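K.L.:
need a 3D model of the sequence below.
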Amino acid sequence: MVKFQIVNRELKLTKELNDIDKFVLKTTEIISKYADYVIVSGYVAIFFGRSRASEDVDMFIKEITLDKFREMYEDFLKKGFEWNIDNPEELYREYLQQGTPISVWEKEFPLLRLDMKLPKKMSQRRLFDDKIKIIFNTHILWMASIESTIAYKQEIAKSEKDLLDAKHLSTVFENLDKTKIEKYKKLFREEF
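P.N.:
You can find the predicted model right below:
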């Protein structure tokens with residue numbers, strides 16, 4: 001089994017890209033021009049070898065102006081993507097600003113989507129300060145720390161799938177900070 005080790009919040013690896021990785025790279029290439037992002041939840045486990053299906057990739061994006069959001073919205077459309085609502089102002093004001101996830105997907109592949117939202121809780125905002133930089137092949141992705149992902153899946157999500165994701169991450173990562181996991185669990189309990 002492959003073991004991963006994060007050094008100074010950075011991890012370098014070589015990886016053969018699967019379809020979900022390709023989708024994530026296409027979407028993050030667009031998003032990173034307009035906002036900082038951090039990928040959270042199931043895709044983190046999938047990226048690091050957990051064998052399971054997923055129809056969505058979850059992420060938080062940092063606060064973005066309506067004008068920047070409109071530009072990002074149009075950029076996605078030009079590159080062959082669709083949104084869950086065909087009105088960028090409504091998506092921005094009625095969804096994103098209210099804490100509701102918005103979705104985007106490639107026109108030919110509607111079963112795989114990216115769900116993004118703004119961080120509203122302190123624990124969600126903290127993910128940006130604690131994110132890890134994943135460098136693989138010639139690509140870069142920003143993900144939530146492994147400790148925060150494990151804590152969330154064990155403390156809040158708790159489905160069988162989430163608990164297996166947490167177990168997988170605990171198995172494939174060396175030198176996890178168990179104190180950090182407990183601190184995140186406490187923070188999640190207080191906020192959720």
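K.L.:
by contact count, what packs against the helix or strand where E29 lies?
P.N.:
Here E29, judged by DSSP states H and E, is contained in helix 19-31. If you count contacts as 3 or more Cβ pairs under 8 Å, 6 or more residues apart in numbering; DSSP states H and E, helix 19-31 packs onto strand 37-40, helix 42-47, strand 56-61, helix 66-78, strand 102-106, strand 109-117, strand 139-143. (Each C-beta comes from the backbone N, C-alpha and C, glycine too.)
K.L.:
average pLDDT for that helix?
P.N.:
Helix 19-31 carries an average pLDDT of 96.
K.L.:
mind listing what's buried in it?
P.N.:
20-21, 23-24, 26-28, 30-31 (16 or more other Cβ atoms under 10 Å).
K.L.:
list the strands paired with the lowest-mean-pLDDT helix or strand in the chain, with their directions.
P.N.:
Lowest mean confidence among the helices and strands of the chain (mean pLDDT, DSSP states H and E): strand 109-117, at a mean of 92. Within its sheet, strand 109-117 is paired with strand 56-61 (parallel), strand 102-106 (antiparallel), according to DSSP bridges.
K.L.:
quick one: the shortest one to helix 66-78, angle?
P.N.:
Angle of strand 102-106 versus helix 66-78, following axes from the mean of the first three to the mean of the last three Cα atoms, to 10 degrees, is 30 degrees.
K.L.:
mind exporting strand 102-106 as CSV, just the C-alpha atoms?
P.N.:
C-alpha atoms of strand 102-106 as CSV (Å, rounded to 0.1, in the frame of the first residue of the first chain):
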residue,chain,number,x,y,z
ILE,A,102,-23.9,25.9,-6.6
SER,A,103,-23.1,23.2,-9.2
VAL,A,104,-21.3,23.2,-12.5
TRP,A,105,-20.7,20.2,-14.8
GLU,A,106,-19.5,19.5,-18.4
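K.L.:
residues in contact with that strand?
P.N.:
For strand 102-106, contacts defined as Cβ atoms under 8 Å, 6 or more residues apart in numbering pick out 23, 26-27, 56, 76, 80-85, 91, 95-96, 111-117.
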